[in-house]
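K.L.:
Structural data only, the sequence is not supplied:
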C-alpha cells in the first residue's frame, strides 16, 4: 500500500524461498517500480534474495 501511494524512499525486502499455504504475491499491481526506483538484488548461497529499492531523484 505504501509503494502504491508513492510514500517509500528506501526499502529493503528479504525474499525467502519458502511458501506457506498459497503464499503472498508481493508485486501484483506494482508495475513501473523499475522506473521509480534503483533496484539492487543480492542473492545468498542459501537461496535468500535481498532486494534494496532506492528512490530515483525526480527531475
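P.N.:
Arrived safely, thanks for sending. None of these values were measured; they are calculated from a predicted model.
K.L.:
Run through the helices of this protein in chain order.
P.N.:
Remark: helices assigned in the chain by DSSP state H are 33-36.
K.L.:
Output the below-cut-off pLDDT ranges for it.
P.N.:
By pLDDT under 70, the weakly predicted segments of the chain are 59.
K.L.:
Grab the nearest non-local neighbour of residue 37.
P.N.:
Nearest non-adjacent residue to residue 37, counting by Cβ to Cβ, 6 or more residues apart in numbering: residue 53, 4.3 Å away. C-beta coordinates here come from the backbone N, C-alpha and C atoms, glycine included.
K.L.:
Is it correct that that neighbour is in contact with residue 10?
P.N.:
Yes: counting by Cβ atoms under 8 Å, residue 10 is a contact partner of residue 53 at 7.0 Å.
K.L.:
Just want to know which of these two has more residues nearby.
P.N.:
Between residue 53 and residue 10, residue 53 has the larger neighbour count (other Cβ atoms under 10 Å), namely 19 against 9.
K.L.:
Contact partners for the more buried one?
P.N.:
8, 10, 11, 12, 13, 33, 37, 38, 39 (Cβ atoms under 8 Å, 6 or more residues apart in numbering).
K.L.:
So what's the residue count around residue 1?
P.N.:
When neighbours are counted by other Cβ under 10 Å, residue 1 registers 5.
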